[in-house]
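Enquirer: Predicted coordinates and the sequence they were generated for:
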Amino acid sequence: MNSPGAPGPENPVLLHVDDEPSNLESFRFNFEDAHTLLAATNAEEAISLVRTHDIGVVVADQRMPGMNGLELLESVRHISPDTVGILLTAYADVDVLVAAINGGTVYRYVQKPWDRRELATILDAAMDKHQLLRERRDLQTRLEEMNRYLQRELDESHIAGQILGESEEVKDLHELIGRVAPGDATVLLRGESGTGKELVARAIHENSSRRDNAFVRVNCAALAPGVLESELFGHERGAFTGAIARRPGRFELADRGTLFLDEVGDLPAEIQVKLLRVLQEREFERVGGTETIQVDVRILSATNRDLEALLVTGQFREDLYYRLNVFPIELPPLRTHAADIPLLAKEFTERRAARSGRTAPTLSNGAMERLQAYDWPGNVRELENVLERALILTDGDVIGRAEVAFLPTSGGASELARATGLNATLDDLERRELEDAMERCAGSKSATARALGINRTTLYYRLKKHGIN
């Protein structure tokens, strides 16, 4: 027999509806030890309770003023399809009841006066049926949510598991992906906007043992805190206005797979606390729920923000930072591997042309010179967008200089730096600072990184940029 407890997903409520106070009291006396009970004296009151509580079973008397028991159960079925209806009646209209049972409105009808043992058995069976109906609906909801998510993924533009480039920077990136992908280490991807952090996250997933399970992503900067919490952890029906059904969150969708948290540096403080718990305990509760859900999820995260600066100001939790920063990877900006631009440009042009059903034009030498003269503050994403625009402007077989004439020959502040020679001066200052720090730390890269307040991946990139051994 079910044990009573706090109302919720694990302890759905038994609602008894009868207009006679003596009947309500008798029912409560017999079944309050076995179930969490609510009572109503009319159909309108009962419907209000169904809208605001997790009602597993409704036991309704057939003859009541206004709406009768059968009409009430029909209304309940439309509001809460998983709620099971039992009808108590002293005047059985067999044809009507059989039709109601066959139609799903009534699970069982019990003639009055009822026998306590018989009704107790029926109530337990009805609660079991409610649990089965809810589990089936949860599974259906999860499958529908996953299908919608996958469809959105297919509808969006991604480089299908391929990180293009032949430069040393890209080769180094491939090596890091190959090293970290097979395990379950938490990875933090860092770099400027548009450098392909999501692409690297997908590559890590596709080269891991989780490749046959879901890769689920969420942009932490794109959603308000309350919405983000629901997206990550899901919610129960009635958890907030508009929550008309239970909905699984991204953690549930990513179970046994990979969850990619983009723009993790923008996480609100209250979400940081909950995320830390999932990383530590691998468990959470849905918004508005009490059931603890356990998941097996690999976390990959990305940011273009200076997390170390956020630690100093208290905007990012130090314990969460260390949980996420187990294996940091810094993605190089496009301007540091401009030699890859011709290869990237060819790939992007061919892909965009194929979507339009046309033959891909080639890029003239003048157009390529213009592309390579630009500093690409938006990085690879900006390059792809520029080529899409150029393709729209091109009628022939060649993208010429005129089709990319809208592109500056250099980017913003970098143009001023070239004109004044400031860029070379900054490079010289950075090189001297690195050399001095390495000398002070006796060549120890770990100590040098700590002294400069940067991570080791950033230090390696800077040392390689300046050719410092």
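Expert: Ah, there it is. Predicted, not measured: the structure shown is a model, and the values here were computed from it.

Enquirer: if I pick the residue lying closest to D54 once chain neighbours are set aside, what's in contact with it?
Expert: Counting by Cβ to Cβ, 6 or more residues apart in numbering, D54 lies nearest to P12, which is 5.1 Å off, once chain neighbours are set aside. (C-beta placed from N, C-alpha, C; glycine too.) P12 is in contact with 36, 54-57, 127, 130-131, 134, counting by Cβ atoms under 8 Å, 6 or more residues apart in numbering.

Enquirer: at 10 Å instead, please
Expert: Residues counted as contacts of P12 (Cβ atoms under 10 Å, 6 or more residues apart in numbering) are 2, 35-36, 53-57, 82-84, 127, 130-131, 134.

Enquirer: which ones among those are found in strands?
Expert: Per DSSP state E, strands hold the following members of the contacts of P12: 55-57, 84.

Enquirer: From those, keep the buried residues only.
Expert: 55-57, 84 (16 or more other Cβ atoms under 10 Å).

Enquirer: tell me the mean pLDDT over stretch 250-260?
Expert: Average pLDDT, stretch 250-260: 94.

Enquirer: mind saving the C-alpha coords of it as PDB?
Expert: Taking Å, rounded to 0.1, in the frame of the first residue of the first chain, the C-alpha atoms of stretch 250-260 are listed here in PDB:
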ATOM      1  CA  ARG A 250      19.200  20.100 -21.000                       C
ATOM      2  CA  PHE A 251      20.900  18.000 -18.400                       C
ATOM      3  CA  GLU A 252      18.300  15.300 -18.800                       C
ATOM      4  CA  LEU A 253      18.500  15.500 -22.600                       C
ATOM      5  CA  ALA A 254      22.300  15.100 -22.400                       C
ATOM      6  CA  ASP A 255      22.300  12.100 -20.000                       C
ATOM      7  CA  ARG A 256      25.200   9.700 -21.100                       C
ATOM      8  CA  GLY A 257      26.200  12.400 -23.600                       C
ATOM      9  CA  THR A 258      27.800  15.800 -23.600                       C
ATOM     10  CA  LEU A 259      26.500  19.200 -22.400                       C
ATOM     11  CA  PHE A 260      28.100  22.300 -24.000                       C
END
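
Enquirer: list the buried ones in that stretch?
Expert: 250-255, 257-260.

Enquirer: Out of those, flag the one nearest to G238.
Expert: Using Cβ to Cβ, E252 comes nearest to G238 of the buried residues of stretch 250-260, at 18.6 Å.

Enquirer: any idea how far V273 is from that closest one?
Expert: Going from E252 to V273 by Cβ to Cβ, to the nearest Å gives 19 Å.

Enquirer: F327 too?
Expert: Going from F327 to V273 by Cβ to Cβ gives 23 Å.

Enquirer: which of the two has more neighbours?
Expert: With neighbours defined as other Cβ atoms under 10 Å, F327 and V273 compare such that F327 has more, 17 against 13.

Enquirer: who's that one bridged to?
Expert: According to DSSP bridges, the partner residues bridging F327 are V187.

Enquirer: one step back: how about the buried residues of stretch 250-260 in a markdown table, adding distance to G196 and secondary structure?
Expert: As requested, the buried residues of stretch 250-260 are exported to a markdown table (distance: Cβ to Cβ, whole Å; DSSP: H, G, I helix; E, B strand; the rest coil):
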| residue | distance to G196 | secondary structure |
| --- | --- | --- |
| R250 | 21 | helix |
| F251 | 25 | helix |
| E252 | 28 | helix |
| L253 | 23 | helix |
| A254 | 21 | coil |
| D255 | 27 | coil |
| G257 | 21 | coil |
| T258 | 17 | strand |
| L259 | 19 | strand |
| F260 | 13 | strand |
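
Enquirer: quick one on the thing from earlier: tell me which of the contacts of P12 has the lowest pLDDT.
Expert: Minimum pLDDT for these is recorded at N2 (43).

Enquirer: contacting residues around stretch 20-32?
Expert: Identification of contacts with stretch 20-32 by Cβ under 10 Å, 6+ apart yields 1, 4, 14, 16-18, 35, 37, 39-41, 59, 61, 63-64, 88, 112-114, 116-117, 119-120, 123.
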